[in-house]
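# Sequence and predicted structure below; questions after.
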Amino acid sequence: MKLALYDAYRMAGVTKSELARRMGIPKTNVDRLFSLTHRSRVDMIESAAAALGKQLVVSMRNVAAILLFAIAATGQLTADAWPCSPDGTRLSDNAIVSRS
C-alpha cells in the first residue's frame, strides 16, 4: 500500500508540505507515511490517497483458484503466470510447478 501511495504522490506532482496541508497533518507525519519502517494506520494511508484524488481499495483473492486457473491454461505454473502483488512485482520469480 505504501508503494502505491508513494507512486500516486509522485504522479500527482505535489510536495510533501502540500500533501500534509491537504490532509491537515504535520509534514513529519507525511514522512512517516512513506517510511517502510514505520507502521502507518490504514486510515492514514486512505486519507493520503483521498488527498491525492485516489481511492484505497483492498481486496482478498483466493490464490489457490488463481493458481489452478494458470495451471489449467498452461499445463504448468511458471513465473510468467504467477500472481503479482499490487505494485506489479511477482510473488515468486523462481516458482515452477508442473502438473502431474
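Nice, thanks for sending it over.
# Please make it C-alpha for all contacts and neighbour counts, starting now.
Noted.
# Span of stretch 29-39 from start to end?
This stretch, stretch 29-39, spans 12 Å end to end (Cα to Cα, to the nearest Å).
# Could I get the buried residue list for that stretch?
Counting neighbours by 16 or more other Cα atoms under 10 Å, one finds that the buried residues in stretch 29-39 are 30, 33-34.
# State the mean pLDDT of it.
In this model, stretch 29-39 has a mean pLDDT of 92.
# now stretch 8-15
Confidence over stretch 8-15 (mean pLDDT, whole number) is 95.
# who touches that stretch?
Outside stretch 8-15, the residues that touch it by Cα atoms under 8 Å, 6 or more residues apart in numbering are 49, 52, 54.
# is it possible to export those to TSV including distance to residue 3?
Shown next, in TSV, are those (distance: Cα to Cα, whole Å):
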residue	distance to residue 3
49	12
52	14
54	14
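# Just the ones in helices from the buried residues of stretch 29-39, please.
When helices are assigned by DSSP state H, the members of the buried residues of stretch 29-39 inside them are 30, 33-34.
# How much space separates the closest residue to residue 22 other than its chain neighbours from residue 8?
With Cα to Cα, 6 or more residues apart in numbering as the measure, residue 51 is the residue that lies nearest to residue 22, at 5.8 Å, once sequence neighbours are left out. From residue 51 over to residue 8 the distance is 10 Å, taken as Cα to Cα.
# tell me the contacts of residue 47?
Counting by Cα under 8 Å, 6+ apart, residue 47 touches residue 23.
# Now which of the contacts of stretch 8-15 would you call buried?
Using 16+ other Cα under 10 Å, the buried ones in the contacts of stretch 8-15 are 49, 52.
# Restricted to helices, list the contacts of stretch 8-15.
Applying DSSP H to the contacts of stretch 8-15, the entries found in helices are residue 49.
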